[in-house]
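A.B. asks: Below: sequence and its predicted model.
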Amino acid sequence: MPEARTPAQIEADIVRRREQLAETLDEIGVRVHPKTIIGDAKAKAVGVVDHTAGRAFAAVNRLVTDVKDSLRDEDGAPRVDRIVPVALFAAGVVGLIVATARRKR
């Protein structure tokens, strides 16, 4: 049979549990505080944006590298037969953009 506890032991137990409860309530208060919730949401959004931007950067970088590789031969010399059509296409796109901008004025 367990020993009987003294009033001092019971009181010490109550004080200890009261302190634990106060700590728990403080933690809950911090977690549900609007600033904490907003901060957590911002951090999550920044993480998602950083991840998405990183993936987009990698994809664009890969595309640019592929295009550069397609415009050079094995020795690294420019391939005029591929560069000229690309340059003409780019000039056409720029021309369309300029013409559209002028029409809007």
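C.D. replies: In hand now; what should we look at? Numbering: from 1, shown residues only.
A.B. asks: Please list all residues in contact with L71.
C.D. replies: 78-79, 82-83, 86 (Cβ atoms under 8 Å, 6 or more residues apart in numbering). To be clear about C-beta, it is placed using only N, CA and C from the backbone, and glycine gets the same treatment.
A.B. asks: Show only the entries of those residues found in helices.
C.D. replies: Among the contacts of L71, the members falling in helices (DSSP state H) are 82-83, 86.
A.B. asks: all helices in this structure, in order from the N-terminus.
C.D. replies: Counting by DSSP H, the segments of the chain that form helices are 7-32, 34-70, 80-104.
A.B. asks: okay if I get those helices as CSV plus mean pLDDT and mean neighbour count?
C.D. replies: Converted to CSV, those look like this (pLDDT from 0 to 100; neighbours: other Cβ atoms under 10 Å):
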stretch, mean pLDDT, mean neighbour count
helix 7-32, 95, 10
helix 34-70, 93, 10
helix 80-104, 91, 10
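A.B. asks: Just put the contacts of L71 in a markdown table and tack on distance to V15.
C.D. replies: Putting these into a markdown table (distance: Cβ to Cβ, whole Å) gives the following:
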| residue | distance to V15 |
| --- | --- |
| P78 | 82 |
| R79 | 83 |
| R82 | 82 |
| I83 | 82 |
| V86 | 80 |
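A.B. asks: Mind putting the ones in helices among the contacts of L71 into a markdown table with distance to P7?
C.D. replies: Output for those, formatted as a markdown table (distance: Cβ to Cβ, whole Å):
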| residue | distance to P7 |
| --- | --- |
| R82 | 93 |
| I83 | 94 |
| V86 | 91 |
